[in-house]
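Visitor: Just need the structure, nothing else, for what follows:
(chains A and B)
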2 protein chains.
Amino acid sequence: MNLPGSSVRLVEVGPRDGLQNEPGTIPTAVKLSLIERLADAGLTWIEATAFVSPKWVPQMADHGEIMTALAPRPGVRYPVLAPNLKGLEAAVAAGARDVAVFAAASESFSRKNINCGIDDSLDRFAPVMERARALDIPVRGYVSCTLGCPYEGEIPPEAVARVAARLHAMGCHEISLGDTIGTGTPLKARRMVERVAEVVPMAQLAAHFHDTYGQALANLYAVMELGIRTIDASVAGLGGCPYARGASGNVATEDVVYMLHGMGIDTGVDLAALVETAHWICGQLGRPVNSRVARAMAPCDA
Amino acid sequence: MNLPGSSVRLVEVGPRDGLQNEPGTIPTAVKLSLIERLADAGLTWIEATAFVSPKWVPQMADHGEIMTALAPRPGVRYPVLAPNLKGLEAAVAAGARDVAVFAAASESFSRKNINCGIDDSLDRFAPVMERARALDIPVRGYVSCTLGCPYEGEIPPEAVARVAARLHAMGCHEISLGDTIGTGTPLKARRMVERVAEVVPMAQLAAHFHDTYGQALANLYAVMELGIRTIDASVAGLGGCPYARGASGNVATEDVVYMLHGMGIDTGVDLAALVETAHWICGQLGRPVNSRVARAMAPCDA
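Guide: Prediction:
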């Protein structure tokens, strides 16, 4: 393990995966300001929105406005979710230069969440991948439920590896492995990543862990020991959780950055600016700040 | 690393280290009920109170009542803090059969917290150790600020090793290494434990980490890889933090148990009963439940 001196690429998913799961309507101007603040704080990969039907995901209905309004910044990329050809075309028309698709490692979750089985969902990505290739647009693949499923419970690493391998074979440049319900623990996370790394190079894998049970940092440390160097996170732990009000979804970016900097690992992120952004967005959303680091680094509010 | 199949000894510090740092007066009956519930949940080492001057720690003024009221249970031990001879005699008179003393790895913290330097504080333990040996009472030694000090910042592992070695040489059967302000990260925790383990056998070391910055589980996992098998934790993360209202102090026992059970490690604890206890004590204290696991496992309160 050679962690100190190395660097980690953070993929900030708050504006998409985070806000998509927050209740209420969030003004487009707030979303844009959030993205700009995150870029100001030094994040260089910021998932900006999702080109999905407003019928299914009303929170992302302003995707066109968001992408059109975002001024390009050198070195900053704004990937968007684009799970079908219509979404891809709309995303590209609005200026997107990076897209993502998502599949599940659990058959039940796939059927309940996107209304089709795993294999069907992958088949449906084929035209998206083909068109993206023609446009020279890199595609990231998400795999959800890699460490547990709300319907099936434990998910075998083999099932994750199968989906990851197919996404990779279809042309995804990176596979993000999601612990969607946050039930993973370090040794399970290790075993899963070890198995997936047999079929997709470690350098093309990302860890996308949720902190619902407080396990995310321990799981991240465990898979970093294996060589994972790309981590998804969400400012302020945005993303909520269906199980308990105020419980966290995505691991908070500031918690991850604190751990990485403490290990001597470069992220390019200004932690103080990130913490300020966490407090700002929580104020906008009228929710308490949920990340340990943002709370610990805040001025005393007692 | 051979973690699955092994077991971890948990030292529950909520009734002492936790409640001592909670604001307000807590009725003795509530403290006793908490201790009984923790024992019912399967915890076998429960730090029950502190025999310190009520002038300095008014929250523990009922130490005599607590120890007198606690009915012995086979296999359950109730250590208490007893930093001087007077405290030790009072503790033993009230029925204590295990005691603990505490020192700091930081000279400034020692002076500000217990009004004397590190070496003086250790010298003052000599009569306590001697009397405890005569009474056949095992003594645990705490070392605070092992991963950072609010006054000095970084603390060299060497300084921690020096204090740990002295406590060990004085007869402490176990040295608990405290990350008092929770600023540690996994590689620092590893380096500190590696250094201390050169002078005290690993089996006699315990990790006592705070979760102020959300790092505790990652740090625990990192030192478990080295061989640490005794972990201090506090139900519901009781203990507060001077820096931000609601921010956590000690790592929550239920978060630790969730991680350990997920790794196939035995603790003897009934997680559901522990979570119920976390909610119960937070209700008694009128504070929100702060641990991820207790929140995630609660019935939806939205």
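
Visitor: where in chain A is pLDDT low?
Guide: For chain A, the stretches with pLDDT under 70 are A:1-2, A:240-248, A:299-302.

Visitor: residues of the longest helix belonging to it that come out buried?
Guide: Ranked by number of residues, the top helix in chain A under DSSP state H is helix A:118-135. Residues of helix A:118-135 classed as buried: A:118, A:121, A:122, A:124, A:125, A:128, A:129, A:131, A:132 (neighbour count, 16 or more other C-beta atoms under 10 Å in any protein chain shown). For every residue, glycine as well, the C-beta is placed using N, CA and C.

Visitor: Tell me which other helices or strands the next helix or strand after it touches.
Guide: Later in the chain than helix A:118-135, the nearest helix or strand by DSSP states H and E is strand A:139-144. Helices and strands touching strand A:139-144, by 3 or more C-beta pairs under 8 Å, 6 or more residues apart in numbering or on different chains; DSSP states H and E, are strand A:99-104, helix A:118-135, helix A:157-169, strand A:174-179.

Visitor: from the chain's centre, how far out does strand A:139-144 sit?
Guide: Chain-centre distance of strand A:139-144: 9 Å, with C-alpha atoms, centre = their mean, to the nearest Å.

Visitor: any idea of the angle it forms with strand A:99-104?
Guide: Here strand A:139-144 points in a direction 30 degrees away from that of strand A:99-104 (axes from the mean of the first three to the mean of the last three C-alpha atoms, to 10 degrees).

Visitor: Now tell me what touches strand A:139-144 from outside.
Guide: A:79, A:98-106, A:109, A:113, A:128-129, A:132, A:160, A:163-164, A:167-168, A:170-178, A:180, A:206, A:208 (C-beta atoms under 8 Å, 6 or more residues apart in numbering or on different chains).

Visitor: What of stretch A:53-73?
Guide: A:15-16, A:19-20, A:22, A:25-26, A:28, A:31-32, A:35, A:39, A:48-52, A:78, A:80-81, A:90-91, A:93-96.

Visitor: Can you show me the CA trace of that stretch as CSV?
Guide: Output of stretch A:53-73 as CSV, limited to C-alpha atoms (Å, rounded to 0.1, in the frame of the first residue of the first chain):
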residue,chain,number,x,y,z
SER,A,53,-37.9,12.1,-18.0
PRO,A,54,-39.3,14.8,-15.7
LYS,A,55,-42.2,12.4,-15.3
TRP,A,56,-39.9,10.1,-13.3
VAL,A,57,-37.5,12.5,-11.8
PRO,A,58,-39.1,15.9,-11.5
GLN,A,59,-36.2,17.3,-9.5
MET,A,60,-34.0,17.2,-12.7
ALA,A,61,-36.6,18.7,-15.1
ASP,A,62,-34.3,21.8,-15.5
HIS,A,63,-31.5,19.7,-16.9
GLY,A,64,-31.4,21.7,-20.2
GLU,A,65,-31.2,25.1,-18.4
ILE,A,66,-28.5,23.8,-16.0
MET,A,67,-26.2,22.6,-18.8
THR,A,68,-26.8,25.7,-21.0
ALA,A,69,-26.1,28.1,-18.2
LEU,A,70,-22.9,26.4,-17.0
ALA,A,71,-19.9,28.3,-18.3
PRO,A,72,-17.1,26.0,-19.3
ARG,A,73,-14.1,26.1,-17.0
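
Visitor: all helices for chain A, in order.
Guide: A:28-40, A:63-69, A:85-93, A:107-114, A:118-135, A:157-169, A:186-196, A:216-224, A:253-262, A:271-285, A:292-296.

Visitor: Dump the ones you listed to TSV, plus distance to residue B:199.
Guide: As requested, the helices of chain A are arranged in TSV below (distance: least, C-beta to C-beta, whole Å):
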stretch	distance to residue B:199
helix A:28-40	45
helix A:63-69	57
helix A:85-93	59
helix A:107-114	50
helix A:118-135	54
helix A:157-169	40
helix A:186-196	28
helix A:216-224	26
helix A:253-262	24
helix A:271-285	34
helix A:292-296	31
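
Visitor: Could you report the neighbour count for residue A:136?
Guide: By the criterion of other C-beta atoms under 10 Å in any protein chain shown, residue A:136 has 7 neighbours.

Visitor: That one and chain B, how far apart?
Guide: 39 Å (C-beta to the nearest C-beta, to the nearest Å).

Visitor: and what of residue A:46?
Guide: 22 Å.

Visitor: Tell me who's in contact with that residue.
Guide: A:11, A:12, A:15, A:35, A:38, A:39, A:76, A:77, A:78, A:79.

Visitor: thinking the first one is in contact with residue A:44, fair?
Guide: No: applying C-beta atoms under 8 Å as the test, residue A:11 and residue A:44 come out as separate, 9.1 Å apart.

Visitor: hmm, back to that, from the contacts of residue A:46, pick out the ones that also neighbour chain B.
Guide: Counting by C-beta under 8 Å from any C-beta of the partner chain, the subset of those that neighbours chain B is empty.

Visitor: want to throw those into CSV with neighbour count?
Guide: Formatted as CSV, the contacts of residue A:46 follow (neighbours: other C-beta atoms under 10 Å in any protein chain shown):
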residue, neighbour count
A:11, 25
A:12, 28
A:15, 28
A:35, 24
A:38, 26
A:39, 18
A:76, 18
A:77, 17
A:78, 22
A:79, 24
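
Visitor: Out of these, flag the one nearest to chain B.
Guide: Set against chain B, the nearest of the contacts of residue A:46 by C-beta to the nearest C-beta is residue A:12 (17.4 Å).

Visitor: Quickly list what that closest one is bridged to.
Guide: residue A:46, residue A:233 (DSSP bridges).

Visitor: isn't it right up against residue A:234?
Guide: Yes: assessed by C-beta under 8 Å, residue A:12 is found in contact with residue A:234 at 7.1 Å.

Visitor: okay, and the common contacts of the two?
Guide: With C-beta under 8 Å, 6+ apart as the test, residue A:12 and residue A:234 both reach residue A:253.

Visitor: Quickly note the distance from residue A:195 to residue A:207.
Guide: Look at residue A:195 and residue A:207: by C-beta to C-beta, to the nearest Å, they are 14 Å apart.

Visitor: Which of those two has more residues huddled nearby?
Guide: Using other C-beta under 10 Å, the more surrounded residue of residue A:195 and residue A:207 is residue A:207, with 30 against 17.

Visitor: ok, the more buried one - contacts?
Guide: A:176, A:177, A:189, A:193, A:219, A:220, A:223, A:228, A:230, A:231, A:232.

Visitor: Likewise for residue A:289?
Guide: A:236, A:278, A:279, A:282, A:295, A:298.

Visitor: By proximity to chain B, which residue of the stretch 51-200 of chain A wins?
Guide: residue A:185 (2.8 Å).
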